[in-house]
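S.K.: how would this look folded up:
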Amino acid sequence: LGLASGGGQQMPIFSALGASCTVMDISDEQLNSEKVVSERENYHIDIIKADMTKTFPFEDESFDLIFHPVSNVYVKDVFHVFKECARVLKKGGLLLSGLDNGINFIVDEETETKIIHKLPFDPTINNDQYEFLMKTDSGMQFSHTLKDQIGGQLKAGFEILDIYEDTNGEGRLHELNIPSYFATKSRKK
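M.R.: Numbers count the residues shown, from 1 in each chain. Here you go, the predicted structure:
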């Protein structure tokens, strides 16, 4: 399952490796991109439009693996996402999650030299953050603590197998080797 990972970026790789793939996303634009890529590259993918803040439209224990890129930033309650991942994964199934550590939310985008927002970044309680997101047409986004993201996985019944950190890949934070993302590999117990 490509969870909130429409766009044709990850599922072609899983498909090429022989996986039977389903992608779930709420964005029509992302799902359309997924369709375009699958038709161009000639592979089958099940495309499901759904909201990851709701119950996932799948039976219990439907998937062996879930790939979940850095899309938790669009969700206020990350525990719900991890709980639903645990429900739809088979016992021993893997969850590969890309996660944001909050650094990108606090610094200015242009120079990455000024701290301009406080944490938590939550536009539902911080009006200046809401106005910033609307001005930059960034959609509703939220920061999450490591406790919420790693602790949420543990609480949902996962064991963390590995953690990887990475930078933005460009910009001042990257030049200073300041990680802004991390990824976890977790297994459903």
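S.K.: tell me the confidence at the nearest residue to Met140 once chain neighbours are set aside?
M.R.: Nearest non-adjacent residue to Met140, counting by CB to CB, 6 or more residues apart in numbering: Pro123, 5.9 Å away. Where you see a C-beta, it was placed from the backbone N, CA and C, and this is true even at glycine. As predicted, Pro123 sits at a pLDDT of 97.
S.K.: and if you look at Gly6?
M.R.: In this prediction, Gly6 has a pLDDT value of 86.
S.K.: tell me the contacts of the residue nearest to Met140?
M.R.: Gln129, Tyr130, Phe132, Leu133, Met140, Gln141, Phe142 (CB atoms under 8 Å, 6 or more residues apart in numbering).
S.K.: how close does the last one sit to Ile125?
M.R.: Applying CB to CB, to the nearest Å, one obtains 10 Å for the distance of Phe142 from Ile125.
S.K.: CA atoms only: put the helix or strand harbouring Asp46 into PDB for me.
M.R.: According to DSSP states H and E, Asp46 maps onto strand 45-49. Below are the C-alpha coordinates for strand 45-49, written out as PDB (Å, rounded to 0.1, in the frame of the first residue of the first chain):
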ATOM      1  CA  ILE A  45      -2.000  -0.400  -9.800                       C
ATOM      2  CA  ASP A  46      -5.200  -0.100  -7.800                       C
ATOM      3  CA  ILE A  47      -6.000   3.600  -7.200                       C
ATOM      4  CA  ILE A  48      -8.100   4.500  -4.200                       C
ATOM      5  CA  LYS A  49      -9.200   8.000  -3.300                       C
END
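S.K.: helices or strands up against it?
M.R.: Helices and strands touching strand 45-49, by 3 or more CB pairs under 8 Å, 6 or more residues apart in numbering; DSSP states H and E, are strand 21-25, helix 28-41.
S.K.: excluding sequence neighbours, find me the nearest residue to Val36.
M.R.: Gly8 (6.5 Å).
S.K.: select the longest strand from this structure.
M.R.: Looking across the chain with DSSP state E, the single longest strand is strand 89-100.
S.K.: average pLDDT for that one?
M.R.: pLDDT averaged over strand 89-100 gives 98.
S.K.: and that strand, which residues are buried?
M.R.: Leu89, Gly93, Leu94, Leu95, Leu96, Ser97, Gly98, Leu99, Asp100 (16 or more other CB atoms under 10 Å).
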